[in-house]
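Novice: what shape does this take:
(one chain, ligands or ions: 3)
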Amino acid sequence: MPDVTRIRVAAERPYDVVVGHGVLGEVATVLGEPRRVALLHPAALIDVAVRVAADLQRAGHEVVRIDVPDAEAAKTAEVAARCWSVLGHAGFTRSDAVVGVGGGATTDLAGFVAATWLRGVALVTVPTSLLAMVDAAVGGKTGINTLEGKNLVGAFHEPVGVVCDLDVLTTLPPADLRAGLGEVVKCGFIADPEILTLVEEQPDAAVDPTSPVLRELVERSIAVKARVVSADLREATSTGRQVGRELLNYGHTLGHAVERRERFRWRHGEAVSVGMVFVAELARAAGILDDAVADRHRAVLTSLGLPTTYAPDAFDDLVAAMGLDKKTRGSTLRFVVLDGLASAEILAGPSDELLRRAYAAMATA
Ligand SMILES: NC(=O)c1ccc[n+]([C@@H]2O[C@H](COP(=O)([O-])OP(=O)(O)OC[C@H]3O[C@@H](n4cnc5c(N)ncnc54)[C@H](O)[C@@H]3O)[C@@H](O)[C@H]2O)c1
Ligand SMILES: O=C(O)C(=O)C[C@@H](O)[C@H](O)[C@H](O)COP(=O)(O)O
Ligand SMILES: [Zn+2]
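Specialist: Numbering: from 1, shown residues only. Ligands and ions are numbered 1, 2, ... in the order given. Predicted coordinates:
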């Protein structure tokens, strides 16, 4: 029997995130009674998808596999429309289900298709990247990009279960594993500093997909996400030190703007890494955050090989893109900043001068 950890997410419809080695068989258990299942996956994950499909067929499900483009190329209206068309032709009803097997881009797309088909059918996510396990596949945010920016179209639609088989991480390219650690480090700064200590003390184990340390990092990060979304699934507007789900957006305001400027060729976790250094500098420049915690951002992210600076001449482009961030209200930019370790507040409407100072500190370090 695999050694399984179950982390409960208790928002509107409670479900478990299953974590362990060799746990792919749990997908059929989560889906229960036989139904039609659309299994979305990119070509890179064909082996995992075929294994999951075979399990589901053995359990009596009728499986329609849908091969979707890799990475961000999957998160488009055109790809979603192609999936809807397959579901329509196969006669998918409200008792049927969507399963997303892949990285965060695939699980975001699968979630969006499940949220929108017949206004909502069951979704199971099977994250295969570190980033998707600790973040994207958990918590019910689904979405696609538009030319104007990242995740601008989407819906909150919770999965009925999430299955994280750590064995699949052995084929994940090292650069994608490191990018996933960007979101893990985010969880360390916003809520669980023990994550930072683990990474700092055992950096080699943190990037080894077979290590118990990586498993602990995965489980701690999922626990942070589960706690936050269970309290505020639909991301109410946070104010001052009352910060709900927006907390998970730490580093994303600038990060998403970088992704857009790079035409989605940067990995999400890399852009978030730069974004976290920027907000740490913003909080320092505003006199909110001390030097030790601000400097720790650059140190821990650099030790993982993640980027911590960005083009010094890109400030104006990035500010324009941040205008479409979901935390923005009217023309007021809002940032999640730290005032200490695991202690956040909202900084609304910082001056242009403060933003420029923080940007220069990040870009020229
Ligand atoms: N919904 C949310 O709450 C949420 C949270 C965080 C990130 N996201 C989104 O997730 C996406 C980033 O996710 P990602 O970093 O997983 O990127 P990704 O989905 O683009 O995957 C990265 C690459 O790794 C490959 N891959 C994945 N698993 C593999 C495996 N086991 N073996 C070999 N190759 C594998 C993919 O095919 C892809 O080429 C972004 O679109 C981001 O916006 C969403
Ligand atoms: O789950 C959340 O809430 C997050 O903000 C997690 C982020 O890591 C994730 O990248 C999310 O997709 C960003 O959300 P968005 O609402 O800014 O698009
Ligand atoms: Zn993210």
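
Novice: please make it C-alpha for all contacts and neighbour counts, starting now.
Specialist: Noted.

Novice: helices of this structure, residue ranges please.
Specialist: With DSSP state H as the criterion, the chain has helices at 26-31, 46-58, 77-90, 104-116, 130-131, 174-190, 194-201, 203-206, 212-231, 252-261, 268-285, 291-303, 315-322, 352-363.

Novice: format these as CSV; extra columns: mean neighbour count.
Specialist: Output for the helices of the chain, formatted as CSV (neighbours: other C-alpha atoms under 10 Å):
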stretch, mean neighbour count
helix 26-31, 19
helix 46-58, 17
helix 77-90, 15
helix 104-116, 29
helix 130-131, 26
helix 174-190, 24
helix 194-201, 17
helix 203-206, 18
helix 212-231, 21
helix 252-261, 25
helix 268-285, 27
helix 291-303, 17
helix 315-322, 16
helix 352-363, 18
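
Novice: wait, does stretch 214-227 contact ligand 1?
Specialist: No. Judged by C-alpha under 6 Å from any ligand atom, stretch 214-227 stays clear of ligand 1, getting no closer than 9.1 Å.

Novice: swap in stretch 318-327?
Specialist: No. Using C-alpha under 6 Å from any ligand atom, stretch 318-327 stays clear of ligand 1, with a minimum separation of 12.7 Å.

Novice: hang on, the earlier thing: quick one: the helices of the chain as a markdown table, columns for mean pLDDT too.
Specialist: Listed next are the helices of the chain as a markdown table, based on pLDDT from 0 to 100:
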| stretch | mean pLDDT |
| --- | --- |
| helix 26-31 | 97 |
| helix 46-58 | 98 |
| helix 77-90 | 98 |
| helix 104-116 | 98 |
| helix 130-131 | 98 |
| helix 174-190 | 98 |
| helix 194-201 | 98 |
| helix 203-206 | 96 |
| helix 212-231 | 98 |
| helix 252-261 | 97 |
| helix 268-285 | 98 |
| helix 291-303 | 98 |
| helix 315-322 | 97 |
| helix 352-363 | 98 |
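
Novice: for Gly240, find the nearest of those.
Specialist: Proximity to Gly240 (C-alpha to C-alpha) singles out helix 268-285 among these, at 13.5 Å.

Novice: please see if the closest one touches ligand 1.
Specialist: Yes. Counting by C-alpha under 6 Å from any ligand atom, contacts between helix 268-285 and ligand 1 involve His268.

Novice: angle of that helix against helix 104-116?
Specialist: Going by axes from the mean of the first three to the mean of the last three C-alpha atoms, to 10 degrees, helix 268-285 is angled at 90 degrees with respect to helix 104-116.

Novice: by contact count, what packs against helix 268-285?
Specialist: helix 174-190, helix 252-261, helix 291-303, strand 334-340, helix 352-363 (3 or more C-alpha pairs under 8 Å, 6 or more residues apart in numbering; DSSP states H and E).

Novice: out of these, nearest to Lys150?
Specialist: helix 252-261 (6.1 Å).

Novice: run the contact check for the closest one versus ligand 1.
Specialist: No. In terms of C-alpha under 6 Å from any ligand atom, no part of helix 252-261 sits within range of ligand 1; the closest distance is 8.1 Å.

Novice: ok, residues contacting that helix?
Specialist: Contacts with helix 252-261, where a contact means C-alpha atoms under 8 Å, 6 or more residues apart in numbering, come from 148-150, 265-268, 271-276, 278, 317-319, 321-322, 325, 335.

Novice: just the pLDDT for the residue most central in space within the chain.
Specialist: The centroid of the chain falls nearest to Ala136 when counting by C-alpha atoms, centre = their mean (3.1 Å). Looking at Ala136, its pLDDT stands at 98.

Novice: residue contacts, it?
Specialist: Ala136 neighbours (C-alpha under 8 Å, 6+ apart): Gly104, Thr107, Asp108.

Novice: skipping adjacent residues, who's closest to Gly111 in space?
Specialist: Sequence neighbours aside, Thr142 is the residue nearest to Gly111 in space, at 5.1 Å (criterion: C-alpha to C-alpha, 6 or more residues apart in numbering).
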